[in-house]
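Participant: no sequence for this one, just the structure:
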């Protein structure tokens, strides 16, 4: 049974904790905030590329620095909320996002080195990621612990998932609007305004949670389990580091091999520890519940597929095709906004049907959308040409977010709500982290090889590129810094080469050839990101197939309405209704 801080905060039958409108409002804003903070960088990668001139690996780290603490710490924060109160984590999570956003806003200007500026932005992303790691599992646990029937659980989870989707398009929209503000920072430094917006919303979220949210906890059977938390965090960090850094350092390089070995060692130690402690961080017997076990795998694979598609779209629109962040944010209106439109339908579907069927439908739509994307060439710059796949992927994500969350929290008894939400959040965000890292590695690695082949096989192009590289040495002193920055950007990889224009206009109006690799980079990126879309689409379809196959003839076919007891009363070995 869920414990609360004071009897005055209880409502509903038998004095048990029941989700109130004020708490739900605080949860919705906190989840929306976290997803906004997660998605903001995806729409300003082009501006960050132009302002900071990071390498392709650094640009990937800027995006994934948020995901790493989220994926590595969510299990632990699920326990912290159960033990010390979930309201506190909502407040402190939002406060950390305030601090992380402030660090991003304070990234220095052109007077500092690229490495210094990129490092500071990554630190801001990490701090915000820690805040989001506290919010994601805590917010879902508050919904699960406060809903005690199938109908109320379905509505609560649908609202929570809709908030996730809304944040997914409000973040890019905020980034797009912020990019239009041309005061405060020179050049392309206006990307910082997006973090100003996140900072303000985070402060509002912390205040709302502090004043309106009920507190809840479930300390019975839970403990800090430091060995489990440390081994899980180190293992997940090591595998994420290897996946993100592998394309830059080389998959066979010593540091990547060591990282993969360390990941395996720590994750094996985690399983060993969890099987022997009295109150484990993650109850391994929960995976005997087939609904919970299969949902964990499906969540990881399916969300990898969705983020591969979403990340590829952000790179396609902003960095490859050069759309403004505001215009590009229209795509995210489909990715996330459809979740809000579908909210009444999603709630009804989860209430009336097995969530597994809803999850299957959502993942199938995501997969088909990804394969459709792959067939639309980047040379087609009309937004109308990608509306179809955007609608499919957006509709699918809206259904999948809600269904996978419902399966996870329905599969286990209510007193394990924190663990169930922490586990599903961890698998979801691992998929989110792997999506950009692996899709980016596949696309950028292939594009770099294609560019190298083109330069090596075209003597005229090779000569033009050598002349471009030598240009700063022969330029007047006042032009040299700009030229050096352009040469550095082109040398950084396909994304940098595509960001530097092929021609420039002289003071007397003459058009002068400048970057000889611009068109080569564009063509290479166009081809390679088609393969990234295929990768994401196939992953989502594989997850859909697993969802369908796993339920045949087993306890996953039973719907919760078949059990006359409430969600609180089911023992672990019977809680397989999802």
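Facilitator: All right, it came through fine. Nothing here was measured: the structure is a model prediction, and the numbers come from that model.
Participant: contacts, neighbours, all on C-alpha from now
Facilitator: Fine.
Participant: what helix or strand is the closest residue to residue 541 other than its chain neighbours on?
Facilitator: Residue nearest to residue 541 in three dimensions, not counting chain neighbours: residue 367, with 5.0 Å by CA to CA, 6 or more residues apart in numbering. Using DSSP states H and E, residue 367 sits in helix 355-374.
Participant: Moving along the chain from that helix, name the first helix or strand you hit.
Facilitator: The helix or strand immediately downstream of helix 355-374 is helix 387-411, counting by DSSP H and E.
Participant: can you pull the buried residues of that following helix?
Facilitator: By 16 or more other CA atoms under 10 Å, the buried positions in helix 387-411 come out as 389-411.
Participant: Tell me the gap between the helix or strand that it is followed by and the middle of its chain.
Facilitator: Proceeding N to C from helix 387-411, the next assigned helix or strand is helix 417-456, under DSSP H and E. With CA atoms, centre = their mean, to the nearest Å as the basis, helix 417-456 stands 10 Å off its chain's centre.
Participant: ditto for stretch 66-75
Facilitator: The answer for stretch 66-75 is 10 Å, by CA atoms, centre = their mean.
Participant: residue contacts, the residue lying closest to residue 250 once chain neighbours are set aside?
Facilitator: Closest residue in space to residue 250, ignoring its immediate chain neighbours: residue 256 at 7.4 Å, by CA to CA, 6+ apart. Shown in contact with residue 256 (CA atoms under 8 Å, 6 or more residues apart in numbering): 242, 245-246, 249-250.
Participant: host element of residue 256?
Facilitator: Counting by DSSP H and E, residue 256 is part of helix 254-274.
Participant: immediately after that helix, which helix or strand?
Facilitator: Moving toward the C-terminus from helix 254-274, the next helix or strand (DSSP H and E) is helix 290-314.
Participant: May I see the buried residues of that following helix?
Facilitator: Buried residues in helix 290-314, counted by 16+ other CA under 10 Å: 290-314.
Participant: name the helices or strands packed onto the helix or strand in which residue 462 is found?
Facilitator: According to DSSP H and E, residue 462 maps onto helix 459-474. Using 3 or more CA pairs under 8 Å, 6 or more residues apart in numbering; DSSP states H and E, the elements in contact with helix 459-474 are helix 417-456, helix 480-491.
Participant: Out of these, which is the most enclosed?
Facilitator: Among those, ranked by average contacts under mean count of other CA atoms under 10 Å, first place goes to helix 417-456 (a mean of 24).
Participant: Now that one: average pLDDT?
Facilitator: Averaged across helix 417-456, the pLDDT comes to 84.
Participant: so what does that helix touch, helix or strand wise?
Facilitator: Checked by 3+ CA pairs under 8 Å, 6+ apart, helix 417-456 has helix 56-84, helix 114-145, helix 226-249, helix 290-314, helix 387-411, helix 459-474, helix 494-499, helix 518-550 packed alongside it.
Participant: so for the shortest one, what's the average pLDDT?
Facilitator: Which is helix 494-499. For helix 494-499, mean pLDDT is 84.
Participant: so where is the stretch 1-150 of the chain shaky, pLDDT-wise?
Facilitator: Low-confidence regions of the stretch 1-150 of the chain, defined here as pLDDT under 70, cover residues 1-17.
Participant: And for the chain, the residue most distant from the center?
Facilitator: residue 508 (47.1 Å; CA atoms, centre = their mean).
Participant: Can you classify that residue as helix, strand or coil?
Facilitator: coil (DSSP: H, G, I helix; E, B strand; the rest coil).
Participant: Now the phi/psi pair for it, please.
Facilitator: Phi and psi for residue 508, reported as degrees, to the nearest 10, are phi -90, psi 10.
Participant: now swap in residue 109 and tell me
Facilitator: Main-chain torsions, residue 109, degrees, to the nearest 10: phi -80, psi -160.
Participant: mind listing what it touches?
Facilitator: By CA under 8 Å, 6+ apart, the residues touching residue 109 are 117, 189.
Participant: what does the one 5 residues further on give?
Facilitator: Contacts here follow CA under 8 Å, 6+ apart; on that basis residue 114 touches 52-54.
Participant: give me the element residue 512 is part of.
Facilitator: Per DSSP H and E: strand 511-513 holds residue 512.
Participant: Now do whichever strand or helix holds residue 94: which elements does it pack against?
Facilitator: Here residue 94, judged by DSSP H and E, is contained in helix 86-105. Packed against helix 86-105 by the contact rule (3+ CA pairs under 8 Å, 6+ apart) you find helix 21-43, helix 56-84, helix 114-145, helix 192-212.
Participant: rerun that using 7 Å as the cut-off
Facilitator: Helix 86-105 sits against helix 114-145, helix 192-212, with contacts defined as 3 or more CA pairs under 7 Å, 6 or more residues apart in numbering; DSSP states H and E.
Participant: from the ones you listed, which stretch is densest packed?
Facilitator: Here the criterion is mean neighbour count by mean count of other CA under 10 Å, and of the helices and strands packed on helix 86-105 the winner is helix 114-145, at a mean of 26.
Participant: ok and that helix relative to helix 86-105, angle-wise?
Facilitator: If you take axes from the mean of the first three to the mean of the last three CA atoms, to 10 degrees, helix 114-145 sits at 160 degrees to helix 86-105.
Participant: do you know which of the helices and strands packed on helix 86-105 lies nearest residue 34?
Facilitator: Of all the helices and strands packed on helix 86-105, helix 114-145 sits nearest to residue 34, with 5.2 Å by CA to CA.
Participant: after that closest one, next one along is what?
Facilitator: helix 150-178.
Participant: what's the burial count for residue 226?
Facilitator: Counted by other CA atoms under 10 Å, the residues lying close to residue 226 total 12.
Participant: That one: what's it in contact with?
Facilitator: With CA atoms under 7 Å, 6 or more residues apart in numbering as the criterion, no residue contacts residue 226.
Participant: quick revisit: need the contact partners of the helix holding residue 94.
Facilitator: Here helix 86-105 makes contact (CA under 7 Å, 6+ apart) with 30, 81, 120-121, 124-125, 127-128, 131-132, 134-135, 138, 192, 195-196, 198-199, 202-203, 205-206, 209-210, 213-217.
Participant: Please name the nearest non-neighbouring residue to residue 455.
Facilitator: Among residues not flanking residue 455 along the chain, residue 462 sits closest, at 5.2 Å (CA to CA, 6+ apart).
Participant: Same question for residue 72.
Facilitator: In space, and not counting its chain neighbours, residue 72 is closest to residue 233: 4.7 Å by CA to CA, 6+ apart.
Participant: where does residue 382 fall, phi/psi-wise?
Facilitator: phi -80, psi 130.
Participant: what pLDDT does residue 360 get?
Facilitator: Per-residue pLDDT puts residue 360 at 94.
Participant: Quick check: it vs residue 295, distance?
Facilitator: With distances taken as CA to CA, to the nearest Å, residue 360 is found 11 Å from residue 295.
Participant: joint contacts of these two?
Facilitator: Common neighbours of residue 360 and residue 295 (CA under 7 Å, 6+ apart) do not exist.
Participant: Next, the buried residues of the helix holding residue 256.
Facilitator: Buried positions in helix 254-274, judged by neighbour count with 16+ other CA under 10 Å: 255-256, 259-260, 262-264, 266-267, 269-271, 273-274.
Participant: what angle sits between that helix and helix 226-249?
Facilitator: In terms of direction (the same axes, to 10 degrees), helix 254-274 departs from helix 226-249 by 160 degrees.
Participant: center of the protein, which residue is that?
Facilitator: What sits nearest the mean C-alpha location of the chain, by CA atoms, centre = their mean, is residue 432, with 4.2 Å.
Participant: wait, doesn't it sit right on residue 303?
Facilitator: Yes: the criterion here is CA atoms under 7 Å, and residue 432 meets it with residue 303 at 5.8 Å.
Participant: which ones are touching the residue nearest to residue 541?
Facilitator: Residue 367 sits next to 537-538, 540-541 when contact means CA under 7 Å, 6+ apart.
Participant: Most neighbours among those, please name it.
Facilitator: Neighbour counts for the contacts of residue 367, by other CA under 10 Å, peak at residue 540, which reaches 34 neighbours.
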